[in-house]
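S.K.: Sequence and predicted structure, then a few things I'm wondering about:
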Amino acid sequence: MKKFLLPENGNFYKANLHCHSTISDGALSPEELKKIYMEKGYSIIAYTDHDIMLQHHDLTDENFLALTGFEMEFNEWNKPDFAVTKTAHLCFIALSPDQRKQPNRPHDGYLFGNAKKYAHLMELYDEPVFYRKYTPEKINTAIKNAKDKGFFVTYNHPMWSLENRENYLAYEGMDAMEICNYGCVAVGYQDYVPQIYDEMLMSGKRIFCIATDDNHNLGPVGTRKFDSFGGFTVIKADKLEYETVTKALTDGHFYASQGPEIHSLWFEDDTIHITCSPADRVILNTGVRRAACEYAENGKLLTEVSFRVNPKDEYVRITVIDEKGYPANTNAYFTDELFK
């Protein structure tokens with residue numbers, strides 16, 4: 001029997017799930033961001049300004065969906081220079097369009113850039129100020145607080161953050177991690193991190209992977225340093241409606257990409273199958289010392305590949321790489337669920 005890992009039916013929607021505007025420290029307004037992203041084929045933006053959550057439902061229409069969110073950061077306190085300071089950044093995306101209140105009440109000192117001007121618009125839970133410390137306990141408390149209140153939680157750009165496995169493996173409860181943060185990649189950081197996704201999976205975390213821009217749009221427009229349109233998440237859902245899309249997020253009905261498209265993905269007869277845009281190679285990675293790779297031969301690019309799966313693989317995930325070297329990454333699928 002076929003198990004569709006991406007739903008058989010529905011529509012694909014291109015999304016940027018980490019985005020900064022003039023509400024905090026971005027160069028473009030929410031309206032300007034909608035315009036430039038729609039021109040590049042996007043249907044969804046999660047507005048995740050630093051430490052301040054405002055709804056942008058006025059931007060939503062039949063062709064565009066604005067998701068409500070914010071980004072929260074935890075910094076080491078005892079470092080003389082931010083260049084050597086470890087930090088953990090999390091994005092919180094509200095699962096309901098009715099969610100107006102922001103969890104983890106920020107201390108005033110955490111509002112910077114333009115966010116201070118919009119502080120009077122924030123709606124907060126009637127709870128004590130959440131004082132931040134760069135400890136796993138505090139970070140995990142913030143994750144739990146947000147998830148309990150109906151948020152999808154992502155862990156962001158570990159390389160830019162100077163974090164290592166001792167740090168990020170201690171965080172619990174996030175829904176996804178950024179396998180690619182293009183804003184960091186565009187300025188030279190090694191924040192395409194499939195190896196860190198594997199570390200998290202092998203440590204027992206059953207989380208998804210997303211690709212984002214984390215755009216601030218401060219660089220020269222039209223150059224490769226312009227930090228938009230380089231990392232995106234493609235969500236498959238029945239319609240472009242808020243809770244339908246966020247349900248697809250929580251169900252893992254999406255893939256992460258820096259270019260290639262994945263058209264279908266299913267499991268049948270101990271085999272995982274993928275169809276995609278033309279690819280130079282398609283790679284299978286597992287949770288054990290086993291991998292496989294199919295290469296385009298004789299000038300004929302790949303558009304469909306199948307790999308056998310062993311129950312002992314623990315999990316499988318697929319990477320599609322196009323002729324330019326750009327990857328698309330599926331989520332991980334665990335064999336104890338595939339072979340049920």
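M.R.: Now that the structure is in, tell me what you want to look at.

S.K.: going forward, measure contacts between C-alpha atoms and count neighbours the same way
M.R.: Will do.

S.K.: can you confirm residue 195 is in a helix?
M.R.: Yes: remark: residue 195 belongs to a helix, assigned using DSSP: H, G, I helix; E, B strand; the rest coil.

S.K.: Looking at it now. What's its pLDDT?
M.R.: We have a pLDDT of 98 for residue 195.

S.K.: what does the one 10 residues further on give?
M.R.: The predicted local confidence for residue 205 comes out at a pLDDT of 98.

S.K.: Okay, strands next: where are they in the stretch 1-150 of the chain?
M.R.: 3-4, 11-19, 44-47, 65-75, 87-94, 101-102, 123-124 (DSSP state E, counting those that start in this stretch).

S.K.: How about the contacts made by residue 72?
M.R.: 50-51, 89-92 (C-alpha atoms under 8 Å, 6 or more residues apart in numbering).

S.K.: Columns pLDDT, distance to residue 282 and neighbour count on top of the residues you listed, output as CSV?
M.R.: Listed next are the contacts of residue 72 as CSV, based on pLDDT from 0 to 100; distance: C-alpha to C-alpha, whole Å; neighbours: other C-alpha atoms under 10 Å:
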residue, pLDDT, distance to residue 282, neighbour count
50, 96, 37, 27
51, 95, 39, 25
89, 98, 31, 17
90, 98, 30, 23
91, 98, 30, 29
92, 98, 32, 29
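
S.K.: May I see those arranged in JSON lines, with distance to residue 179 as well?
M.R.: Formatted as JSON lines, these follow (distance: C-alpha to C-alpha, whole Å):
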{"residue": "50", "distance to residue 179": "20"}
{"residue": "51", "distance to residue 179": "22"}
{"residue": "89", "distance to residue 179": "14"}
{"residue": "90", "distance to residue 179": "14"}
{"residue": "91", "distance to residue 179": "14"}
{"residue": "92", "distance to residue 179": "17"}
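
S.K.: Just give me the closest of those to residue 119.
M.R.: Checking the contacts of residue 72 against residue 119 with C-alpha to C-alpha, the nearest one is residue 51 at 9.8 Å.

S.K.: Please report how far that closest one lies from residue 230.
M.R.: From residue 51 over to residue 230 the distance is 24 Å, taken as C-alpha to C-alpha, to the nearest Å.

S.K.: residues near residue 143, how many?
M.R.: 26 (other C-alpha atoms under 10 Å).

S.K.: That one and residue 103, how far apart?
M.R.: Counting by C-alpha to C-alpha - residue 143 and residue 103 are separated by 10 Å.

S.K.: Out of the strands of the stretch 1-150 of the chain, which gets nearest to residue 167?
M.R.: Nearest of these (C-alpha to C-alpha): strand 87-94, 8.7 Å.

S.K.: Report all helices and strands that that closest one contacts.
M.R.: strand 65-75, strand 151-155 (3 or more C-alpha pairs under 8 Å, 6 or more residues apart in numbering; DSSP states H and E).

S.K.: need the ones you listed in JSON lines with mean pLDDT, can you?
M.R.: Formatted as JSON lines, the helices and strands packed on strand 87-94 follow (pLDDT from 0 to 100):
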{"stretch": "strand 65-75", "mean pLDDT": "98"}
{"stretch": "strand 151-155", "mean pLDDT": "98"}
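
S.K.: Can you say which helix or strand has the residue nearest the centre of the chain in it?
M.R.: Nearest residue to the geometric centre of the chain (C-alpha atoms, centre = their mean): residue 210, 3.1 Å. Per DSSP states H and E: residue 210 is located in strand 208-212.

S.K.: what's the answer for residue 160, then?
M.R.: Going by DSSP H and E, residue 160 is not part of any helix or strand.

S.K.: Residue 193 is in contact with that one, correct?
M.R.: No: if you go by C-alpha atoms under 8 Å, residue 160 and residue 193 don't touch, sitting 11.1 Å apart.

S.K.: quick one on the thing from earlier: the strand holding residue 210 vs strand 151-155, what angle?
M.R.: 80 degrees (axes from the mean of the first three to the mean of the last three C-alpha atoms, to 10 degrees).

S.K.: any idea which helix or strand comes after strand 208-212?
M.R.: Immediately after strand 208-212, counting by DSSP H and E, sits strand 232-237.

S.K.: chain center to that following strand, what's the gap?
M.R.: Taking C-alpha atoms, centre = their mean, to the nearest Å, one finds strand 232-237 lying 10 Å from the centre of the chain it belongs to.

S.K.: for that strand, packing partners?
M.R.: If contacts are counted by 3+ C-alpha pairs under 8 Å, 6+ apart, strand 232-237 sits against strand 11-19, strand 208-212, helix 242-251, strand 254-257.
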